[in-house]
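Engineer: No letters, just coordinates:
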């Protein structure tokens, strides 16, 4: 039986492509193992696939600044490499597919030393730290933005485009209105700050709720343990900590989406033709990848952008209202971009590079 090891975690974005691949790999007869961190978001997301064997290993956080924890994490990564090599010896994988995130580093290193082919996938315009570490060891490096070409070895790179989950195209407006209890006669904004939520976005939405609710109904994906109990019964405002199966239906009724600028999310919205207001993570909280993503989408005419530090008061509200008023212009630009879901291309690549 063909065996694949998937890895990637820390955020939903480092798991989503794997979640897209799993059903297709199962249909094609692959035996699937997933290596992630203990208690990480990847463990909970992968758990719905009973056919997939999950292995938790030791991992270390990848920091871009000096900390004494870096020394401890070197030992954690070393332990993770040993654990991953032990797993490889047991399951004998044909190939490893890595989506990135700190958990992928020991897996990729163990795969190289175990002589297992490695395919990595980079969603952002420039490779993240985990994928940078893995570049020398990867057999093939797939990427989402064409501009990423200059950041990866030419002989290894492959422009793939965005892998979008099939289920997102199956949303039902009727189901969406049934889930929310919202009216079909008033526009809907969906707000999300990612799986962990975003404090700045949450604070802005709640601080300007009275003004926003005059025009919109709001679905607010606020993050784990970040609901406001005092707003639970507010008409036209619905809070979720996090959604999975409901998301396609919530997208289906949304006229505008306010979100961070993680590449997986914004390319999903592009494929769904959903106008966006992007609030990228500032470079004080990230390596600047979301700022690059947001700038690219604005230049293409797909989205409006509000810098995180500008997300306050009536000025930001007016930007959101303006984006809603111009929503058809964004959709028109999105229609010029053919919907490409390169899942089959990625699956064929996996088949081609499997270890004989």
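Structural biologist: Arrived safely, thanks for sending. As the structure is a prediction and not an experimental result, all values here were calculated from the model. Numbering: from 1, shown residues only.

Engineer: How are the helices of the chain distributed by residue range?
Structural biologist: Secondary structure of the chain, counting by DSSP state H: helices at 16-27, 41-46, 69-91, 104-113, 129-134, 173-180, 199-207, 209-213, 247-252, 263-271, 289-300, 313-325, 327-335, 343-353.

Engineer: So which elements touch the longest strand that the chain contains?
Structural biologist: As assigned by DSSP state E, the longest strand anywhere in the chain is strand 31-37. Using 3 or more Cβ pairs under 8 Å, 6 or more residues apart in numbering; DSSP states H and E, the elements in contact with strand 31-37 are strand 3-7, helix 16-27, helix 41-46, strand 53-57, helix 69-91. The C-beta positions use only the backbone N, C-alpha and C, and glycine is treated the same way.

Engineer: how about the helices of the chain in a markdown table, adding distance to residue 188, mean neighbour count and mean pLDDT?
Structural biologist: Below are those laid out as a markdown table (distance: least, Cβ to Cβ, whole Å; neighbours: other Cβ atoms under 10 Å; pLDDT from 0 to 100):
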| stretch | distance to residue 188 | mean neighbour count | mean pLDDT |
| --- | --- | --- | --- |
| helix 16-27 | 23 | 19 | 93 |
| helix 41-46 | 26 | 20 | 90 |
| helix 69-91 | 43 | 16 | 85 |
| helix 104-113 | 36 | 24 | 94 |
| helix 129-134 | 36 | 21 | 83 |
| helix 173-180 | 8 | 16 | 97 |
| helix 199-207 | 14 | 19 | 94 |
| helix 209-213 | 11 | 16 | 96 |
| helix 247-252 | 9 | 21 | 97 |
| helix 263-271 | 14 | 22 | 91 |
| helix 289-300 | 21 | 20 | 93 |
| helix 313-325 | 10 | 15 | 94 |
| helix 327-335 | 12 | 15 | 95 |
| helix 343-353 | 29 | 16 | 90 |
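
Engineer: quick one, which of these is nearest to residue 235?
Structural biologist: Among the helices of the chain, the nearest to residue 235 by Cβ to Cβ is helix 209-213 (7.8 Å).

Engineer: from the chain's centre, how far out does the closest one sit?
Structural biologist: 28 Å (Cα atoms, centre = their mean, to the nearest Å).

Engineer: same thing with stretch 268-288?
Structural biologist: Using Cα atoms, centre = their mean, the offset of stretch 268-288 from its chain centre is 11 Å.

Engineer: Can you check the distance spanned by it, start to finish?
Structural biologist: With Cα to Cα, to the nearest Å as the measure, the first residue of stretch 268-288 is 20 Å from its last.

Engineer: List the buried residues in it.
Structural biologist: 268-281, 286, 288 (16 or more other Cβ atoms under 10 Å).

Engineer: Any chance of the helices and strands packed on strand 31-37 in TSV with distance to residue 182 as columns?
Structural biologist: Shown next, in TSV, are those (distance: least, Cβ to Cβ, whole Å):
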stretch	distance to residue 182
strand 3-7	37
helix 16-27	26
helix 41-46	27
strand 53-57	37
helix 69-91	45
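
Engineer: To residue 227, which of these lies closest?
Structural biologist: helix 41-46 (18.2 Å).

Engineer: rewinding a little: so for residue 225, which of the helices of the chain sits nearest?
Structural biologist: helix 199-207 (11.5 Å).

Engineer: Now find how far off-centre the closest one is within its chain.
Structural biologist: 21 Å.

Engineer: so what does that helix touch, helix or strand wise?
Structural biologist: strand 217-221.

Engineer: measure residue 290 to residue 112 for me?
Structural biologist: 30 Å (Cβ to Cβ, to the nearest Å).

Engineer: Dig out what residue 5 forms beta bridges with.
Structural biologist: residue 33, residue 96 (DSSP bridges).

Engineer: Touching, it and residue 30? I think so.
Structural biologist: No - contact criterion Cβ atoms under 8 Å: residue 5 and residue 30 do not qualify, at 10.5 Å.

Engineer: Could you list the domains of the chain?
Structural biologist: 3-163+341-353, 167-335 (automatic domain parsing).

Engineer: Which one of the helices and strands packed on strand 31-37 lies nearest to residue 323?
Structural biologist: Nearest of these (Cβ to Cβ): helix 16-27, 24.8 Å.

Engineer: tilt between the closest one and strand 3-7?
Structural biologist: Helix 16-27 runs at 170 degrees relative to strand 3-7, counting by axes from the mean of the first three to the mean of the last three Cα atoms, to 10 degrees.

Engineer: From the contact counts, what lies against helix 16-27?
Structural biologist: strand 3-7, strand 31-37, helix 41-46, helix 343-353.

Engineer: Distance to residue 310 for these - can I get that in TSV?
Structural biologist: Below are the helices and strands packed on helix 16-27 laid out as TSV (distance: least, Cβ to Cβ, whole Å):
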stretch	distance to residue 310
strand 3-7	37
strand 31-37	35
helix 41-46	29
helix 343-353	37
